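A.B. asks: I'd like to go over a predicted model; first the sequence, then the structure.
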Amino acid sequence: MSDFSELKISNKVNDITILTEIASVYVYILKDQEMSIEYERVTEMVDTIDRLSQEVLVSYTFIDLKKKLKIGTTKTKRLSHKDYKILASISHIQMILSHTSVSDYEKDKHLIFQTILREAGNFATLKILSKHAKSALDSCLLPPSIN
Amino acid sequence: MKHEVSEVITDVEQTKIDDQYWKVLVVDDRFSVQKATGLLLKKMSYAGRGFKILESYTINETKQILMSNDDIALIILDVHLEGDDVGLLLLNFIRTELQNENTRVILRTGYPTSFPEKSITKKYHIDGCLFEEETSFSKLEFEIIGAIQTYRKMLSINEYLERFAGSVAFEMKNSLNMFGLNFSAIKNELFHQKIKYPNTTTDSIVNIINRGLHFSNRSEMIVDLMLKNIKNESINKSDFKVINMGRVVSQAFEDFAYTNIDRKEKVELDLKQDFEFLGDENSLVYVLFNLFKNALFYLVNKPDGKIQIRLENGDDWNKLYFKDNGIGIPEDELIGVFEGYRSFSFTEGRGLGLAFCKRIMRDFGGDVTCQSDYGEWTQFVLAFPKVS
């Protein structure tokens, strides 16, 4: 078995597990269609998503160091440029929330949820996301029925 | 002296603050990135002005915004918008197509294969890089302010240069005008002398005076063109006429102010395939003078140095080839030869002159390109649309 195959297998368990965890947090937020989750709770969940996505990206660097590969090798093997952007952009929701006061949150709640919804939609397109996580997300992202 | 200059710059800066916003164009297809940057900019101010965000999610949208806003201070550009080379294409559009040297650019990147090479950073004057995984509000704010400071300084310097050039041009035009008036007065006086003393021979003097008048008029027009260059203005197309190329080339060849007669002998003209073009004679003379000036500068210490000008009456385009066997241009500098504020290692830089030559050629509906074999030769090809 080549080094590359080993790399794929050894890493697969880790990143896919974390991504599934991120998907489950997104699902939790998206299920709240009335946007009734309080500011602190949303912030906490978005922080979690941000931290987990950072964890995925950092784990690739660790693998490179461990395998004495050029930094960035695992990242490019596991993620396309588009997928990388999706993971990295989660931090922007965190930035928005951390600079929004509680009163502004109530005012801009719709925009914040719309941003989270879009990010979740992009997240569901990640190529390495498990089918299970993807379908769970997709079910929340479907447009609401007319009835 | 330095003190005086900085005082002028500060004065100019003050006038700029009256504009309400610093415009920042965010080119990114991610909603969250646009909204987060917008939120930050809404809270920021610099030098008494707030920030205005222009959002763009696609290349076409970006091009439209850039074409209709020439006062964008900063572009935060996602290098991977619709593909790997898009960032580069947009940079080329900004710096080469629009000839926009003022707007600052910060790249947003982080994917291992997307880091721009050093030569790209230098070529397109990139101000900074935001690494996706390290982006925070404070980092973003720091980068934005740094870039806006550079933009503001560039505006001030440009405005100062514009004012300075305006003053010089005014003085020159004034003097040229006086020369013209005096030449006319002498000509008039000679005319009356001729009436009084019919046997007097004044023809040779009148010829000299006519030549003086011709140079004085042409110089005035070239000063006007140079001012348009500095002010980034185009030439007036409504004055375009159908002009014979061979005649203009011969005239420019004769009129150019050679510093030494030997230099004139270095020029060879091949005007057999003469053609006509629609444009402005003085503008083309300005282009040719620029090419003469650059080429002759590098032929000084080259006994076998020569300039060959050849006309070609083509099927689709008519062309003027201007070739010299001087030092040539290094390959990595060739691509930016028509960009403003570039002087390479030249003392009498090709800089702004060539940037304006390109604009003139485009105003004519044509273009100018440059080819070179470094150390051997340089050739400028001026293409003109056929005149029906």
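C.D. replies: In hand now; what should we look at? Residues are numbered from 1 along each chain as shown, chains lettered A, B, ... in the order given.
A.B. asks: could you check the pLDDT of residue 20?
C.D. replies: Since you didn't name a chain, this refers to chain A. Turning to residue A:20, the model gives it a pLDDT of 94.
A.B. asks: actually, chain B is the one I wanted.
C.D. replies: The predicted structure lists residue B:20 with a pLDDT of 81.
A.B. asks: now do residue B:1
C.D. replies: Model confidence at residue B:1, given as pLDDT, is 33.
A.B. asks: just residue B:340 next, same as before
C.D. replies: pLDDT recorded at residue B:340 is 57.
A.B. asks: mind listing what the closest residue to residue A:114 other than its chain neighbours touches?
C.D. replies: Using Cβ to Cβ, 6 or more residues apart in numbering or on different chains and skipping residues adjacent in sequence, the residue nearest residue A:114 is residue B:31, 7.6 Å away. Glycine gets a C-beta too; all of them are placed from N, C-alpha and C. With contact set as Cβ atoms under 8 Å, 6 or more residues apart in numbering or on different chains, residue B:31 has these partners: A:114, A:115, A:118, A:119.
A.B. asks: could you dump the residues you listed into JSON lines with neighbour count and pLDDT added?
C.D. replies: Output for the contacts of residue B:31, formatted as JSON lines (neighbours: other Cβ atoms under 10 Å in any protein chain shown; pLDDT from 0 to 100):
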{"residue": "A:114", "neighbour count": "15", "pLDDT": "87"}
{"residue": "A:115", "neighbour count": "24", "pLDDT": "89"}
{"residue": "A:118", "neighbour count": "17", "pLDDT": "91"}
{"residue": "A:119", "neighbour count": "21", "pLDDT": "92"}
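A.B. asks: now residue B:73: which helix or strand?
C.D. replies: Assigned by DSSP states H and E, residue B:73 belongs to strand B:72-78.
A.B. asks: so what does whatever helix or strand comes next after that strand touch, helix or strand wise?
C.D. replies: Tracing the chain past strand B:72-78, the next element assigned as helix or strand by DSSP H and E is helix B:86-92. For helix B:86-92, the elements it packs on are helix B:59-68, strand B:72-78, strand B:104-109, judged by 3 or more Cβ pairs under 8 Å, 6 or more residues apart in numbering or on different chains; DSSP states H and E.
A.B. asks: residue A:63 should be in a helix, yeah?
C.D. replies: Yes: the secondary structure assignment for residue A:63 places it in a helix, going by DSSP: H, G, I helix; E, B strand; the rest coil.
A.B. asks: and the gap between it and residue A:49?
C.D. replies: If you measure residue A:63 against residue A:49 using Cβ to Cβ, to the nearest Å, the figure is 22 Å.
A.B. asks: element containing the nearest residue to residue B:21 once chain neighbours are set aside?
C.D. replies: Computed as Cβ to Cβ, 6+ apart, the closest residue to residue B:21 that is not its neighbour in sequence is residue B:52, at 3.8 Å. With elements taken from DSSP H and E, the one containing residue B:52 is strand B:49-56.
A.B. asks: sorry, back to before: out of the contacts of residue B:31, list just those in helices.
C.D. replies: Where those overlap with helices, as defined by DSSP state H, the overlap consists of A:114, A:115, A:118, A:119.
A.B. asks: isn't the third one right next to residue B:34, touching?
C.D. replies: No: using Cβ atoms under 8 Å, residue A:118 is not in contact with residue B:34, being 10.3 Å away.
A.B. asks: who are the packing partners of the lengthiest helix in chain B?
C.D. replies: Identified as the longest helix of chain B according to DSSP H is helix B:137-196. Applying 3+ Cβ pairs under 8 Å, 6+ apart, one finds that helix B:137-196 makes contact with helix B:2-16, strand B:21-27, helix B:31-43, strand B:45-46, strand B:72-78, strand B:104-109, strand B:128-131, helix B:203-230.
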